[in-house]
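A.B. asks: any chance you can model this:
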Amino acid sequence: MSATLGRRAVAEFAGTAALVAVVVGSGIQATELSHDVGVQLLANSLATVFGLGVLILLLGPVSGAHFNPAVTLAAWFTGRRTGNGPTAREAAAYIPAQVAGAVAGAVLADAMFGRPLVRWSTHDRFAGHLWLGEVVATAGLVLLVFGLDRTAQIRHAPVAVAAYIGAAYWFTSSTSFANPAVSIGRAFTDTFAGISPGSLGPFIAAQLLGAALGLGLVRAVFGHPAPVPAVPADLPGEPELAAPAHP
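C.D. replies: The predicted structure follows:
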């Protein structure tokens, strides 16, 4: 599906907003319905799995369904040589759209549940073991997304990426944010899914480090990607964006 950069940026904004609304809204609902933290996390993770899968399926053909600056940057970095990733201009449009969408999604979730529209989270997540969890979660996500693309299985991304994030909720100490934009959005809500602004810096740094390690694993496992042949001058075309991914 061919779409203008403006439409693709809108898709990234809307998709990231919807994803954060699902994460934050399901977290609020879970805490209102149960006082058991395990049940709350189960409800939150299941809602995220279902919501993410649907969003990738719906918006992947438009923008690639990145919903995640770490994935966009990884796709841009690898695409510099292969010619099949977003350009610097496209990445510069995607990332602000993702961040703005994440903030809008958190505000929307708070509004739906009658909470203050913006209240900085007091949920402190400033700890080394949580940062390690974010490195692992993001590295695994990048390995999955680009591995699916390299093995021509990207059609399975809606199920595979959603399933991975659902699993990572439980096997990582940080509950797998794995997304700088989503992390920023979740700082705007003082609810179950929030993260205090003071915890953001190390989380985002860990996510970017994880993305770099994930790309290293992709190269180690799958080798160097083959460059895309140049498009002849009389056949105008636009490079494909990166494979659908989490956020």
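
A.B. asks: mind listing what the closest residue to Leu33 other than its chain neighbours touches?
C.D. replies: Of all residues not flanking Leu33 in the chain, Ala43 sits nearest, at 7.5 Å (Cβ to Cβ, 6 or more residues apart in numbering). Quick note: C-beta positions are derived from backbone N, CA and C, even for glycine. Ala43 sits next to 26, 29-30, 33-34 when contact means Cβ atoms under 8 Å, 6 or more residues apart in numbering.

A.B. asks: CA atoms only for stretch 132-147, dumped as PDB, please.
C.D. replies: The C-alpha trace of stretch 132-147 is given here as PDB (Å, rounded to 0.1, in the frame of the first residue of the first chain):
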ATOM      1  CA  LEU A 132      18.800  -4.800  32.300                       C
ATOM      2  CA  GLY A 133      15.200  -6.000  31.700                       C
ATOM      3  CA  GLU A 134      14.700  -3.200  29.200                       C
ATOM      4  CA  VAL A 135      17.900  -4.100  27.400                       C
ATOM      5  CA  VAL A 136      16.800  -7.700  27.100                       C
ATOM      6  CA  ALA A 137      13.200  -6.800  26.100                       C
ATOM      7  CA  THR A 138      14.300  -4.400  23.400                       C
ATOM      8  CA  ALA A 139      17.000  -6.500  22.000                       C
ATOM      9  CA  GLY A 140      14.600  -9.400  21.700                       C
ATOM     10  CA  LEU A 141      12.000  -7.300  20.000                       C
ATOM     11  CA  VAL A 142      14.500  -6.000  17.400                       C
ATOM     12  CA  LEU A 143      15.800  -9.500  16.800                       C
ATOM     13  CA  LEU A 144      12.300 -10.700  16.200                       C
ATOM     14  CA  VAL A 145      11.100  -7.900  13.900                       C
ATOM     15  CA  PHE A 146      14.200  -7.900  11.700                       C
ATOM     16  CA  GLY A 147      14.500 -11.700  11.800                       C
END
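
A.B. asks: what sits up against it?
C.D. replies: With Cβ under 8 Å, 6+ apart, stretch 132-147 has contacts from 68, 70-71, 74, 78, 157, 160-161, 164-165, 168, 172-179, 203, 206-211, 213-215, 217-218, 221-222, 242-246.

A.B. asks: are any of the residues you listed buried, and which?
C.D. replies: 68, 70-71, 74, 78, 157, 160-161, 164-165, 168, 172-179, 203, 206-211, 213-215, 217-218, 242-246 (16 or more other Cβ atoms under 10 Å).

A.B. asks: I am finished for the moment; much appreciated.
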